[in-house]
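K.L.:
Next input, structure requested:
(one chain, ligands or ions: 1)
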Amino acid sequence: MDSYAVVGNPVEHSLSPRIHGLFAQQTGETLRYERRLVPLDGFIEAVEMISAGGARGFNVTVPFKTQAHDWVDELDEEARAAGAVNTVMLENGRSLGCNTDGIGLVQDLVRNHRLQLRDKRVLLLGAGGAVLGVVRRLLAENPTRLVIANRTASKALKLAARLAEEYADTGCEITGLGLGEVAGDYDLVINGTSAGLQGRGDLIETSVVRQAVCYDMVYGSNTPFTRWARQAGAVDALNGLGMLVEQAAAAFYLWRGVRPETDRVLAELTSEEPR
Ligand code: ATR
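P.N.:
Alright, predicted model coming up:
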C-alpha cells in the first residue's frame with residue numbers, strides 16, 4: 001500500500017492524517033498516512049529512513065520546513081521562492097520539494113470564504129517562514145496594496161523591498177513596517193506570526209481592523225488573534241482550518257493526481273471544533 005506521513009515536532013495533534021484519510025475514502029484511493037514525531041535534531045535521519053522505506057511522499061510541519069527545503073533533490077518554483085517545503089514527493093529514489101501553503105490560503109480565502117483580493121488593501125502580520133510560504137500567492141491575486149508588518153521592523157522592510165522589486169510590474173504598492181506603526185484601513189488582515197503560541201492576539205491597534213476581515217493562519221475556533229479581532233470589531237474573524245484542508249488537498253493532488261472535494265471534509269472538521 002502506498003504510504004505517506006506528516007513529519008513534525010510536535011505532531012501528535014496534527015489533523016493531517018485525519019484529512020488525508022477522509023480524502024482517500026472520498027476518492028477511493030488506497031493509502032496509508034501516519035504521524036512521525038521527529039526529534040528536533042533528527043530530521044535528516046528520519047526522512048532518509050522514510051524514503052528508504054519506500055514511502056511515496058510526506059508532509060512537513062513545524063519546525064522542519066526550512067530543513068526540508070535544504071534536503072530535497074529538487075524544488076518546485078513555489079518552494080524555492082518561499083525557502084520552505086511542506087510537501088515532498090518521492091519517486092524513483094529522488095525527492096521533489098513543494099509548497100502548497102500559499103495555494104491553501106488563497107483557495108480558502110477566495111473559494112471557501114468568497115473573498116476576492118483584487119484591488120484590496122491587505123495587511124500581513126509577520127515576516128517569518130509562515131509569511132514567506134504564502135506571500136507570493138497573495139500577490140498573484142493582485143491586491144492594490146500589501147503592507148507587511150513585523151515585530152522586528154527591519155525584517156518586514158527587507159522582505160517588502162525584495163517583493164516590491166519582484167512585483168514591480170503589477171502596480172501593487174508593497175511596504176514593510178513595524179507592528180507599532182500600523183495605521184489606516186485595510187480590507188483584509190492576515191496573521192502569519194507565531195504570537196498566538198504565546199497566547200498573544202493583540203498585535204496592532206484595534207482601529208485598523210474596523211473595516212477588515214481578519215484571518216488567522218493558525219486553526220482553532222478561538223485563537224488569540226480571532227478572539228482579539230472579534231473584540232476589536234472586525235467585519236469577520238476567520239481561522240486557518242480551511243487553509244489546512246486546502247493545502248492538504250493540493251498535496252493529495254500532487255501525490256495522487258486526484259483532486260479531493262474539500263467542502264465536505266471542511267464541514268465535518270468544523271462541526272467537531274470545540275465552541
Ligand atoms: P514561522 O515559521 O511560524 O513563521 P518564524 O519564522 O520564527 O516562525 O516567524 C515567527 C514570526 O512571528 C515572526 O514574524 C516573529 O516576529 P520577529 O521576526 O520579530 O521575531 C513573529 N512573532 C513571534 N512571536 C511574536 C510576538 N509575541 N509578537 C509579535 N510577533 C511575534
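K.L.:
only C-alpha atoms for contact and neighbour calcs from this point on.
P.N.:
OK.
K.L.:
name the element I174 belongs to?
P.N.:
strand 173-178 (DSSP states H and E).
K.L.:
can I assume L124 is in contact with L146?
P.N.:
Yes. Here L124 reaches L146: they are 7.3 Å apart, a contact under CA atoms under 8 Å.
K.L.:
between these two, which one's more packed in?
P.N.:
Between L124 and L146, counted using other CA atoms under 10 Å, the more crowded position is L146 (26 against 22).
K.L.:
Wasn't that one part of a strand?
P.N.:
Yes. The assignment for L146 by DSSP: H, G, I helix; E, B strand; the rest coil puts it in a strand.
K.L.:
can you pull out the helices in the protein?
P.N.:
16-27, 43-52, 65-71, 77-82, 101-107, 129-132, 135-139, 153-166, 224-231, 241-256, 262-272 (DSSP state H).
K.L.:
out of those helices, nearest to A212?
P.N.:
helix 224-231 (9.3 Å; CA to CA).
K.L.:
Run through the neighbouring helices and strands of the closest one.
P.N.:
Identification of packing neighbours for helix 224-231 by 3 or more CA pairs under 8 Å, 6 or more residues apart in numbering; DSSP states H and E yields strand 213-216, strand 236-238.
K.L.:
Comparing these, which comes out most buried?
P.N.:
Stretch with highest mean neighbour count among the helices and strands packed on helix 224-231: strand 213-216 (a mean of 24; mean count of other CA atoms under 10 Å).
K.L.:
ok, that one: who's next to it in the sheet?
P.N.:
Looking at strand 213-216 with DSSP bridges, its partner strands are strand 188-191 (parallel), strand 236-238 (parallel).
K.L.:
okay if I get these as a markdown table plus mean pLDDT and distance to the ligand?
P.N.:
Shown next, in a markdown table, are the strands paired with strand 213-216 (pLDDT from 0 to 100; distance: least, CA to the nearest ligand atom, whole Å):
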| stretch | mean pLDDT | distance to the ligand |
| --- | --- | --- |
| strand 188-191 | 98 | 9 |
| strand 236-238 | 98 | 18 |
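K.L.:
Can I get those strands in TSV including distance to D76?
P.N.:
Compiled in TSV, the strands paired with strand 213-216 are given as follows (distance: least, CA to CA, whole Å):
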stretch	distance to D76
strand 188-191	25
strand 236-238	29
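K.L.:
Can you tell me how far the residue nearest the centre of the chain is from G180?
P.N.:
A centroid search over the chain (CA atoms, centre = their mean) returns D101, at 3.7 Å, as the residue closest to the centre. Note on D101: its distance to G180, by CA to CA, to the nearest Å, is 27 Å.
K.L.:
One more: G102?
P.N.:
From G102 to G180 the distance is 26 Å (CA to CA).
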